[in-house]
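Trainee: Need a 3D model of the following:
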Amino acid sequence: MPNHSRVTRRMGLKAALATAVTLPLSSTALTSPSASAEEHRPHRLQVMSFNLRFAATAEPNSWAVRRPVMHALLRRAHPHVIGTQEGLYQQLRDIDSDLGSHYDWIGTGREGGSRDESAAIFYDSRRLAPVEHYTFWLSDTPEVIRSNTWGAAFPRIVTWVRFRDLRDDGREFYVLNTHFDHRSQYARLRSAALIGQRIAGLDRSLPVVVTGDFNVAAHGNPVYEAMLGAGLVDTWDAAAVRGPLYGTFHGYKPLVPDGDRIDWILATPGVTAERATINTFSRDGQFPSDHLPVQASLTLG
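Mentor: Model (predicted):
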């Protein structure tokens, strides 16, 4: 694999601009009134995967209407890591502003800049510090910006960050975040295979967590089997406690109990899933996105 950007809190993420395929961005934070509850479980890592739905201006469900509901959901959930999909640059800046001073984020657009949808990763900087990060494209030429060789509707990317857990004796782990193509099954299968190869090339001694919108149902598609075949475990299935199951894409229509779960949080086998939930928060009938966020409470081992 090519050289990766290495970053520290002291340097700030701007120092990583030397890497052509990453776009580190400025600090933000979440002030969580209930964050102290996590002190009783100091080593549990709260992870969320959330397709934000890009910031459209058309009504209904414009970003201006959804933004305060998004803000309220994230403040209630206060995850340590959020793997996001579809976020546009200004939309991510809005979330960055709403969360506050204790959250940072890393990401770049799938076209290689700041004008298109990204797979950004937000993280609680009180808990986690990035050590290195990288973005690659889901194609036969992963290091080529905007590359798309498998017939996907758009270029697709993976953002990964190696984190140091400031609360768990400096323990390190990886988070990979992605959004698979919605049109091409071939592209999804090739994407799963490439991610498996890249995970195999990481430090095998460290846990790996994968978040994403995979655009296929868990248990219902070879793409799901390919991801598990890469040595990953579905935290929803593995969780000791689970909330009610709903289809994670609702399109602003009534929620579907026991529906298709196309948004997943996967992890390497040494990670213990304590709890998994699908967050159905809305306000006055307004959802923050056309997807429901998936959450997992994890112990890294």
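
Trainee: how far away is residue 251 from residue 152?
Mentor: Applying Cβ to Cβ, to the nearest Å, the value for residue 251 to residue 152 is 21 Å. Glycine gets a C-beta too; all of them are placed from N, C-alpha and C.

Trainee: So which of the two has more stuff around it?
Mentor: Ranked by neighbour count (other Cβ atoms under 10 Å), residue 251 and residue 152 place residue 152 first, with 21 against 11.

Trainee: and residue 249, how far is that from residue 261?
Mentor: Using Cβ to Cβ, residue 249 is found at 9 Å from residue 261.

Trainee: higher neighbour count, those two?
Mentor: In terms of neighbours (other Cβ under 10 Å), residue 261 is the more surrounded of residue 249 and residue 261; the figures are 24 against 21.

Trainee: Skipping its backbone neighbours, what lies nearest the more buried one in space?
Mentor: In space, and not counting its chain neighbours, residue 261 is closest to residue 218: 4.6 Å by Cβ to Cβ, 6 or more residues apart in numbering.

Trainee: The one you found touches residue 235, doesn't it?
Mentor: No. Counting by Cβ atoms under 8 Å, residue 235 is not a contact partner of residue 218; they are 10.9 Å apart.

Trainee: what's the overlap in contacts for these two?
Mentor: residue 264 (Cβ atoms under 8 Å, 6 or more residues apart in numbering).

Trainee: So which of those two has more stuff around it?
Mentor: Between residue 218 and residue 235, residue 235 has the larger neighbour count (other Cβ under 10 Å), namely 28 against 21.

Trainee: That one contacts residue 273, doesn't it?
Mentor: Yes. Using Cβ under 8 Å as the test, residue 235 is close enough to residue 273 to be in contact (3.9 Å).

Trainee: show me what contacts residue 50?
Mentor: 82, 83, 84, 85, 263, 289, 291, 293, 294.

Trainee: mind running it again at 6 Å?
Mentor: 82, 84, 293 (Cβ atoms under 6 Å, 6 or more residues apart in numbering).

Trainee: who touches both of residue 235 and residue 273?
Mentor: residue 296.

Trainee: buried stuff in the helix or strand where residue 295 lies?
Mentor: Per DSSP states H and E, residue 295 falls inside strand 294-299. Neighbour-count burial for strand 294-299 flags 294, 295, 296, 297, 298 (criterion: 16 or more other Cβ atoms under 10 Å).

Trainee: Make CSV from the residues you listed and add distance to residue 55 to it.
Mentor: Conversion of these to CSV gives the following (distance: Cβ to Cβ, whole Å):
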residue, distance to residue 55
294, 21
295, 22
296, 26
297, 29
298, 29
